[in-house]
Structures are given as C-alpha cells and as structure tokens.
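*Asks:* mind folding the following:
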Amino acid sequence: MQHVLPIIEAVPENLPTRACPACQGARAQVFFDLPSLPVNCISLWPTDEEARSCPRGDIRLAFCPDCGAIFNQAFDSRALEYDNRYDNALHFSPSFQRYAEALADGLIERYQLRNKDIIEVGCGKGEFLELLCSRGGNRGLGFDPTYEPGRVDTGAGGGFRVIADYYSDRYTSYPADFLCCRHVLEHIFSPRSFLMDIRRALSTRTRCGVFFEVPNAFAVFRDLGIWDIIYEHCFYYSPGALERLFRASGFAVISTYQTFEGQYLCLEGKPATDAGQREISTVAREEVAEFKRTIERFADDYRERTRYWRGELLALAKSGQRVVLWGAGAKGATFLNALRQVSNIQYIVDINPHKQGMFVPGTGQKVVSPQFLREYLPHLVVISNRNYEAEIKRTVGELGLRPAFQVV
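*Replies:* Numbers count the residues shown, from 1 in each chain. Next up is the predicted model:
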C-alpha cells in the first residue's frame, strides 16, 4: 500500500506574526513552516483508512527574542482532542522505567516526600504518580482527561486517585505538599495564564515544591532532534525561556537541568515571595542570543536531514529491502509524516501492548509487536529514539534476528 503525501520543500517568507503568548513580546519572527501534519501524532487509529484521514494542522514556528521561547503561531487548540486514545506511556521500556524511578527517588529525597500529599497535573495513565506514592508512602491526586482506570495500582503507597479532567481553579481546595507536571506545559498555548492559575492555587502553600519537565528545545533545534516537532507541542523552551516564564508567573526557580541524555529539560521551584524573582537574568539574555543563531540555520538543516532520509528509503525500496521503524510515539510518527514518501515502511514496532494493532496517524503504518519481526524478517530496523538503541538491539537479538540498525 502506498503512503505518499505531497512534499513541501519551500519555507514561506514574510509570514505575519502574532504576539508571544509567553511574554506578550511583539518581535517574534517565523523561521520554519511545515504544513499539513496530524494534529495528534500520539493518538493511534483502529484502521488504516481512519489513520490516513486524520485531522491535520500547520506548524509555523516563531522565535521570540524577548524571552527566547519558540511557539507555533498557527496552533489552534480546538483542533486537538485528548481522550483515552492518547497514549504517551513510556514505562513499558526498561530503560525509561529506570529513568523514571531515579527521577522519582531524587524528588522524594530532595523534598522529603514521605507521607505527603502530591498533585500531578497531566498525569497521563498515572505511572509516575504511582512511583511517587509507592516509593515515598505518599498520597496522590492526578488530573488528566486521557486517564484509563486499571492501568496502574492506585493503592500504591498511601493511595491515589485520578480525576479525568484538566486541572483548574475548581480544584484549588485539594491539599498539596508537592506539585509535579511532566510534558504538559509544551501543550499549553497560554502558558503564563496556566502557571499563574497554579500559583494562585498554591497561594497559601508557599513551601510547596513544584517540578516541571518539558522537551529540551536545545536538543530539538541545536542538536537537530527534528522529529520532536509535532503539532501538539505549541511551545519549545530553552532553560532561560523556561526560567523567565516561571519567574514572570510568580515562582522562585530553584534549578533547571537537563535529563534523559539531554532530551528533557526540568525545572524545580516554589511559589515566590520576592518580586525580584521575576527579573530576567544576564545568562538568560546571552542564551537568547545563542538560540537565535541556532534557529537561523534550522530550516536548512531540517530540509537537509529529510532529503537524506528520503534518498535512503528510496534506495532501500529499489533494492527490495524490508524496513521497519521502531517506536510508535511522537518521534516515530513525525519521522513518517515529515518524510511523506514512506511506502516501503509498512510496519512500526512498539513494545506498548495498548498500541499494537493500531495505525499511525497520517501515514497509516500498522503498529506491531517485536515478535512480529520473526515473521517479517526485516533487513533494516530504523530506531526513532537513540536513547533506546541498546535496548532495541538487545530485544531484536533475543529474537534470533540480525538486521542492520540505523538511528534517525
């Protein structure tokens, strides 16, 4: 079956801009344009036809020199629907599970989270909240419209429950000694309003620690993690941009740091009591200038990278080699949809059993289990995330297969 979409090479010039939603700066400039991508690359579809007919939207990235943030000015939140089909759970991977456990243990130790009340905003299926409760004997409350009962042990630690809703001021009466929010902020087009709502909810809890985790913009734009550019991510933050946003929203920043081999950016803080915390630092200004130089090269780098992979896949198709992609998450779906011409990739492997048998939005590849490879016998396994390379090679080797591997 052919999976071919029009190829867009040109980047339109002189596109109109809108004020930066993070700082209201009026000097943002568009530097990258990618039309007609699935608006939700994580939500898989039950049939190939539905997957290829999924809703689409445009990505038009603008860089704000006032705060250093990057945002999709073509983003329309009305196009997105987060329901229980949205499955971004990574805990089926032993590598990611080790990362999550170490992260939870570090937060428990630094903030003395034992027998405490924890809120997680955007808890997904509840895996990380379960870790914080079970490993610290804590009580938890999660918020997420994509939550599915039965995926995790809600009796872990002091027990927790999840409200299948977005967090809002309706829930400010719930106690919190610690609030965490992982991979949510990049989905929020009005991030300052979102954070100020949380700050107001913590108005009487000035000792409450907060932890946020987002994709690291430097990993995307400087290190060319181009497959992380998805419609759902309407914002991309560098450390300085993230710090400035939090300070402007009423938080004191304790630290920012990179994790997961540089792919993630974490911020720890607390409600601020000093207005001086809202000032932008000299370091942040220097970072903005560095980041601006990075994004000026990005459109050309993106085109070169996608042109390379189109050529590679075309050559493999002509030689009759069977190719599979490993990883039906954001990176894998974006890789397929950005290249557009992927007719010789019919399957995408994922270890998450809840994804298997479903189809990738936009291009329609079927998600299969690793065991399927014994039947398919691929010549090449393309790995969508380098962090899982060793784990994937080990799994394929245990299946008795010896294909070639290549990381995107």
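*Asks:* quick one: contacts of stretch 43-58?
*Replies:* Residues outside stretch 43-58 that contact it (C-beta atoms under 8 Å, 6 or more residues apart in numbering): 1, 3, 33-40, 74-76, 79, 81, 83, 85-87, 231, 328, 355, 358-364, 366-367. Every C-beta, even on glycine, is put in place using the N, C-alpha and C of the backbone.
*Asks:* flag the helix or strand of the chain with the lowest per-element mean pLDDT.
*Replies:* In the chain, the helix or strand scored least confidently by mean pLDDT, DSSP states H and E is helix 282-318, which has a mean of 87.
*Asks:* among the contacts of stretch 43-58, name the ones in strands.
*Replies:* Among those, the ones falling in strands (DSSP state E) are 33, 34, 35, 36, 37, 38, 366, 367.
*Asks:* number of nearby residues for the third one?
*Replies:* Number of residues near residue 35 (other C-beta atoms under 10 Å) recorded here: 13.
*Asks:* go on, the first one?
*Replies:* The local packing count at residue 33 equals 17, with neighbours defined by other C-beta under 10 Å.
*Asks:* correct me, but it touches residue 73?
*Replies:* No - shown here, residue 33 and residue 73 do not form a contact pair, counting by C-beta atoms under 8 Å, at 10.1 Å.
*Asks:* tell me what residue 139 is bridged to.
*Replies:* Taking DSSP bridges as the rule, residue 139 bridges to residue 117.
*Asks:* per-residue pLDDT, it?
*Replies:* According to the prediction, residue 139 has pLDDT 98.
*Asks:* now it: how far from residue 337?
*Replies:* From residue 139 across to residue 337, the span is 41 Å (C-beta to C-beta, to the nearest Å).
*Asks:* which of these two has more neighbours?
*Replies:* Under the criterion of other C-beta under 10 Å, the comparison of residue 139 against residue 337 puts residue 337 first, with 25 against 18.
*Asks:* find me the pLDDT at that one, would you?
*Replies:* 94.
*Asks:* who's in contact with it?
*Replies:* 5, 37, 38, 41, 361, 362, 363.
*Asks:* do the same with residue 286
*Replies:* Counted by C-beta under 8 Å, 6+ apart, residue 286 has zero contacts.
*Asks:* go again using 10 Å as the cut-off
*Replies:* residue 240 (C-beta atoms under 10 Å, 6 or more residues apart in numbering).
*Asks:* so, low pLDDT: which residues of the stretch 251-400 of the chain?
*Replies:* Low-confidence regions of the stretch 251-400 of the chain, defined by pLDDT under 70, span residues 275-284.
*Asks:* please redo it, this time with the cut-off set to 50
*Replies:* Flagging of the stretch 251-400 of the chain using pLDDT under 50 yields the residue ranges 276-280, 282.
*Asks:* same check, this time on the stretch 1-150 of the chain
*Replies:* Screening the stretch 1-150 of the chain residue by residue with the criterion pLDDT under 50, one finds the ranges 1-12.
*Asks:* all strands of it, in order?
*Replies:* Counting by DSSP state E, counting those that start in this stretch, the stretch 1-150 of the chain has strands at residues 29-38, 56-63, 70-72, 117-121, 139-143.
*Asks:* okay, the ones you listed in a markdown table with distance to residue 274 next?
*Replies:* Formatted as a markdown table, the strands of the stretch 1-150 of the chain follow (distance: least, C-beta to C-beta, whole Å):
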| stretch | distance to residue 274 |
| --- | --- |
| strand 29-38 | 33 |
| strand 56-63 | 30 |
| strand 70-72 | 28 |
| strand 117-121 | 24 |
| strand 139-143 | 29 |
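*Asks:* closest one to residue 204 among these?
*Replies:* Go through the strands of the stretch 1-150 of the chain one by one with C-beta to C-beta and the one that ends up closest to residue 204 is strand 117-121, at 13.6 Å.
*Asks:* now that closest one: buried residues?
*Replies:* Under the neighbour-count criterion of 16 or more other C-beta atoms under 10 Å, strand 117-121 has 117, 118, 119, 120, 121 buried.
*Asks:* I'd assumed residue 139 was in contact with the fourth one.
*Replies:* This points to residue 120. No - here residue 120 does not reach residue 139: they are 11.9 Å apart, not a contact under C-beta atoms under 10 Å.
*Asks:* where do the contact lists of these two overlap?
*Replies:* Joint contacts of residue 120 and residue 139 (C-beta under 10 Å, 6+ apart) are 132, 133, 160.
*Asks:* count of residues packed around the second one?
*Replies:* Think residue 133. Using other C-beta under 10 Å, residue 133 has 28 other residues around it.
*Asks:* relative to residue 222, how far out is it?
*Replies:* To residue 222, residue 133 is 36 Å away according to C-beta to C-beta.
*Asks:* in the least confident helix or strand of the chain, what's buried?
*Replies:* Neighbour counts using 16+ other C-beta under 10 Å place 284, 287-288, 291, 294-295, 298-299, 302, 305-306, 309-310, 313, 316-317 of helix 282-318 among the buried residues.
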